[in-house]
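> take a look and give me a structure for this.
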Amino acid sequence: MEREDLIRSLSAWRDGIDPATGATLASDHPAQRTDFLRVVCAALDALNAIAASGRSNAGRPWSPSEDGLLTQAHGAGMSIAELARAHERSPGAITARLVKLGLIEMPPGLRLRGPSAPHAGAPS
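Numbering: from 1, shown residues only. I've put the predicted structure just below:
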């Protein structure tokens with residue numbers, strides 16, 4: 001699900017609307033419970049904070065074309081901060097991706113999610 005679709009659905013739940021049908025939810029519907037609405041509002045706040053941070057790609061998967069652009073820009077000497085701004089991701093995400101692509105050594109203390117082995121053919 002794309003971020004925009006997620007925000008649209010969460011906003012509908014928050015507003016008491018079934019996002020699938022557009023129908024107003026009954027007051028006894030489970031999505032009208034206070035604990036559910038708190039979670040929905042917190043999720044919306046988190047998504048909006050990401051958008052406001054200038055890191056609109058935060059949490060999104062990396063595409064092969066974005067990996068190619070990152071590899072090319074890194075090879076041209078762009079700094080981690082410059083790469084983070086260009087890709088709208090955090091410096092930590094850029095560093096982790098460069099490690100996963102086998103372009104840099106893993107800095108001390110960095111922990112990667114998922115398989116952390118460099119791609120075939122990358123320096124070890």
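> which SSE is residue 28 in?
Using DSSP states H and E, residue 28 maps to neither a helix nor a strand.
> what sits against it?
Taking Cβ atoms under 8 Å, 6 or more residues apart in numbering, we find residue 28 in contact with no residue. Just so you know, the C-beta spots here come from the backbone N, C-alpha and C atoms, and that holds for glycine as well.
> check what pLDDT it gets.
Residue 28 is assigned a predicted lDDT (pLDDT) of 95.
> what's around the closest residue to residue 55 other than its chain neighbours, how many residues?
In this structure, residue 55 finds its nearest non-sequential neighbour in residue 88, 5.3 Å apart by Cβ to Cβ, 6 or more residues apart in numbering. Using other Cβ atoms under 10 Å, residue 88 has 16 other residues around it.
> before we move on, what about residue 94?
Neighbour count for residue 94, taken as other Cβ under 10 Å: 24.
> so it touches residue 87, yeah?
Yes: applying Cβ atoms under 8 Å, one finds residue 94 in contact with residue 87, separated by 6.6 Å.
> any shared contact partners between these two?
residue 70.
> and what about residue 78, helix, strand or coil?
coil (DSSP: H, G, I helix; E, B strand; the rest coil).
> show me the contacts for it.
residue 86.
> lowest-confidence helix or strand of the protein?
Within the chain, no helix or strand scores below helix 34-52, which has a mean of 87 by mean pLDDT, DSSP states H and E.
> next secondary structure after that helix?
Assignment by DSSP H and E places the next element after helix 34-52 at helix 64-75.
> show residues contacting that next one.
For helix 64-75, contacts defined as Cβ under 8 Å, 6+ apart pick out 62, 82, 83, 86, 87, 94, 97, 98, 101, 103, 104.
> now do the contacts for residue 17.
When contacts are counted by Cβ under 8 Å, 6+ apart, residue 17 touches 23, 24, 25.
> turn those into JSON lines, columns for neighbour count, distance to residue 51 and secondary structure.
Shown next, in JSON lines, are the contacts of residue 17 (neighbours: other Cβ atoms under 10 Å; distance: Cβ to Cβ, whole Å; DSSP: H, G, I helix; E, B strand; the rest coil):
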{"residue": "23", "neighbour count": "11", "distance to residue 51": "28", "secondary structure": "coil"}
{"residue": "24", "neighbour count": "11", "distance to residue 51": "28", "secondary structure": "strand"}
{"residue": "25", "neighbour count": "16", "distance to residue 51": "26", "secondary structure": "coil"}
